[in-house]
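In: Structure for the following, please:
(one chain, ligands or ions: 2)
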Amino acid sequence: MENPTILYLVVPCYNEEEVLDKTAGVLRDKMRRLTQAGKISAKSKVLFVNDGSRDRTWQMICAWTKQDRMFAGLCFSKNFGHQSAILAGMMAARKKADAVVTIDADLQQDIEALDQFLQCYEEGCDIVYGVRNDRKTDGFFKKTTAGLFYRLMHLLGSETITNHADYRLMSKKALDALAEFQETNLFLRGLIPTMGFQSDIVYFDVKEREAGKSKYTFKKELTLAMDGITSMSTRPLQLIVILGFFTFLVSLGIFVSCIWDWAHGRVVAGWTTTVASTCLIGGIMLLSQGIIGVYLGKVYMESKGRPRYIVESMILREEDEEDGDVQD
Ligand code: UDP
Ligand code: MG
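Out: Ligands and ions are numbered 1, 2, ... in the order given. The predicted structure follows:
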């Protein structure tokens, strides 16, 4: 091919010192093989995004960038979360790359699937989604909650692709379109499928984490799921209206029956009914207010228009630069 694709791999890293050296080695080998096969340009790079790690992750990234120009690094001023890390990486990479693939730092996602990603790209796809074949490597809890989450997302009308977790290729064209989205509440898995473009799916096997522990705590997962639902759909608000309507109908029935009893001189000893209905209605009201509150909070955060992340420094060495030259 005349002009092979300039491919950037964007790798978010949060406290990944245990696995980073191994990951960098594996990614470098794969990139070299692809370059030698003429599938990607020699200008292709691996861009690590340090998401405010508290361990030696950034020092290790710096060391790799000094060792090999193939590696580049971007450092956040604090932990902004996985979604922000991949967004920052993609936004930085789109200025240099023809296509960008985001992949986790723990080598769970099969790097060999890159060939298929590239093939789909060559065939004209602007977005290629990596979808895991099964969830064998997940624990029971994660498997169940993840299944539930995707089902709920579909129920709420989101176009989320089941079992696709941010292992994806995007062309420069698609990334330029993504850059137009300014929302603070970021849920890329839901947002990107709404963008259109020619796209395809590549299936891959998930492996065990090479080293270290999962960086997604239960709290982070819950936040992601909540963000996913509330940033992609306002259906929970509609459900409140429906719930309110049915509660109203039931109350009307109870009201009519009370009047009826009163008119016929039947006095109800109604302690249980009173307590039960007060609790039920109180619960429904609180839940509904809570849901409205969540959306209000989102509107509040969006209205501030704060930056989604802060980049503290960046290291990217161009091919024509002198050795040792570092661009901050
Ligand atoms: N990650 C991140 N910021 C965070 C949490 C995670 O950049 O706040 C990165 C992490 O380093 C990894 C990827 O996101 O590269 C996926 O995280 P992990 O493998 O821990 O999640 P899991 O595979 O268990 O869902
Ligand atoms: Mg992982």
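In: going forward, measure contacts between C-alpha atoms and count neighbours the same way
Out: Noted.
In: And the lengthiest helix in the chain, what does it pack against?
Out: Secondary structure of the chain read by DSSP state H shows that its longest helix is helix 271-304. The contact analysis (3 or more C-alpha pairs under 8 Å, 6 or more residues apart in numbering; DSSP states H and E) places helix 271-304 against helix 235-263.
In: packing partners for the helix it packs on?
Out: Taking 3+ C-alpha pairs under 8 Å, 6+ apart as the contact cut, helix 235-263 packs with helix 271-304.
In: Using neighbour counts, pick out the buried residues of the helix it packs on.
Out: 284, 288, 291-292, 295, 298 (16 or more other C-alpha atoms under 10 Å).
In: how about the residues of the stretch 51-200 of the chain near ligand 1?
Out: Counting by C-alpha under 6 Å from any ligand atom, the stretch 51-200 of the chain comes close to ligand 1 at 51, 81-82, 85, 104-106.
In: from the chain's centre, how far out does stretch 300-310 sit?
Out: Here the centre of stretch 300-310 is set off from its chain's centre by 17 Å, with C-alpha atoms, centre = their mean, to the nearest Å.
In: Tell me where the model's unsure across the chain.
Out: For the chain, the stretches flagged by pLDDT under 70 are 1-2, 268, 320-328.
In: ok so Glu312 is a strand residue?
Out: Yes - residue state for Glu312 (DSSP: H, G, I helix; E, B strand; the rest coil) corresponds to a strand.
In: Contacts only, for it.
Out: When contacts are counted by C-alpha atoms under 8 Å, 6 or more residues apart in numbering, Glu312 touches 74-77.
In: Drop anything exposed from those.
Out: In terms of neighbour count (16+ other C-alpha under 10 Å), the buried residues within the contacts of Glu312 are 74-76.
In: Keep only those of those that are in strands.
Out: 74-76 (DSSP state E).
In: ok, back up a step: now, which of the buried ones among the contacts of Glu312 sits nearest ligand 1?
Out: Checking these against ligand 1 with C-alpha to the nearest ligand atom, the nearest one is Phe76 at 10.1 Å.
In: in this protein, which spans are strands?
Out: Taking DSSP E to define them, one finds strands in the chain at 7-13, 45-50, 71-76, 99-102, 127-132, 164-171, 199-204, 311-315.
In: Spit out the contact partners of the residue lying farthest from the centre of the chain.
Out: Most distant residue from the mean C-alpha position of the chain: Gly265, 62.4 Å away (C-alpha atoms, centre = their mean). Residues counted as contacts of Gly265 (C-alpha under 8 Å, 6+ apart): none.
In: how near is it to ligand 1?
Out: Using C-alpha to the nearest ligand atom, to the nearest Å, one gets 64 Å for the distance from Gly265 to ligand 1.
In: Neighbours of the spatially closest residue to Arg235 that is not a sequence neighbour, how many?
Out: Using C-alpha to C-alpha, 6 or more residues apart in numbering and skipping residues adjacent in sequence, the residue nearest Arg235 is Leu156, 6.0 Å away. By the criterion of other C-alpha atoms under 10 Å, Leu156 has 17 neighbours.
In: Please report phi then psi for Leu156.
Out: Here is the backbone geometry of Leu156 (degrees, to the nearest 10): phi -90, psi 0.
In: wait, isn't it in contact with Leu239?
Out: No - if you go by C-alpha atoms under 8 Å, Leu156 and Leu239 don't touch, sitting 9.9 Å apart.
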